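Engineer: let me see the structure of the following:
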Amino acid sequence: MTAGRYLRRGGLVVAGLLALWGLWPRMGPPGLSVVGDGAPAVVAALDLPADASVDAILLRRSGALRHLEDVARLCRGRCGPGLTVLRVLGPGGGTRLVFEMSEMDGIAVLDRGAPLPEEIALCIARTIAAEAATRWGDPGLDCAGPRRAHIVMPYGL
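Structural biologist: Residues are numbered from 1 along each chain as shown. Got it, this is the predicted structure:
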């Protein structure tokens, strides 16, 4: 074998390793981000370890996605009632939890300007904590509705 072949094979191995590194799922920096309808009540009910990395989006109804372009881009029509777990691969990746609460009992009080009911806030907080703890598995909680998990490829692939 010539040195040129070794260099080509070595270059292919390095390129392959860089591609895998770019697609490897990462946890974001430790921190908590909960946005949407009833977010303050959910944040108050959360009890997470200091190193947890959580991004949760709370939607009263699915039509609210049109106002959140970056989340809608990640959902690509796959988010629906209940919990959608989006595992974003690549740089800036991590996990986004999208809660579409339209079919949860008692959620209609938000339309009247009332705060998120405590039992719903606790349910969502428990689900967020369980998802943060299990990473890739299904924690088995169903209080937030049906759970869907999707892998989102980087760069719109």
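
Engineer: with just CA atoms, put stretch 63-70 into PDB.
Structural biologist: The C-alpha trace of stretch 63-70 is given here as PDB (Å, rounded to 0.1, in the frame of the first residue of the first chain):
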ATOM      1  CA  GLY A  63     -52.700  27.500  16.100                       C
ATOM      2  CA  ALA A  64     -50.300  29.300  18.400                       C
ATOM      3  CA  LEU A  65     -47.400  27.500  16.600                       C
ATOM      4  CA  ARG A  66     -47.700  30.000  13.700                       C
ATOM      5  CA  HIS A  67     -46.400  32.700  16.100                       C
ATOM      6  CA  LEU A  68     -43.400  30.600  17.100                       C
ATOM      7  CA  GLU A  69     -41.600  30.100  13.700                       C
ATOM      8  CA  ASP A  70     -38.500  28.300  15.100                       C
END
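
Engineer: other residues contacting it?
Structural biologist: 36-37, 57, 59, 71-72, 75, 79 (C-beta atoms under 8 Å, 6 or more residues apart in numbering). For glycine as for every other residue, the C-beta is placed from the backbone atoms N, C-alpha and C.

Engineer: please repeat the previous calculation with a cut-off of 10 Å.
Structural biologist: The contact list for stretch 63-70 (C-beta atoms under 10 Å, 6 or more residues apart in numbering) reads 35-37, 57-59, 71-75, 77, 79, 96, 98, 100, 102.

Engineer: what residues are up against residue 107?
Structural biologist: With C-beta under 10 Å, 6+ apart, residue 107 has these contacts: 37-38, 60-61, 101, 116-117, 120.

Engineer: buried ones among those residues?
Structural biologist: The neighbour count (16 or more other C-beta atoms under 10 Å) marks 37-38, 60, 101, 116-117, 120 as buried among the contacts of residue 107.

Engineer: dump those into CSV; add secondary structure as well.
Structural biologist: Converted to CSV, the buried ones among the contacts of residue 107 look like this (DSSP: H, G, I helix; E, B strand; the rest coil):
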residue, secondary structure
37, coil
38, coil
60, coil
101, coil
116, coil
117, coil
120, helix
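
Engineer: and which of the residues you listed is nearest to residue 5?
Structural biologist: Residue 5 lies nearest to residue 101 out of those, by C-beta to C-beta, at 59.0 Å.

Engineer: measure that closest one to residue 117 for me?
Structural biologist: According to C-beta to C-beta, to the nearest Å, residue 101 and residue 117 sit 10 Å apart.
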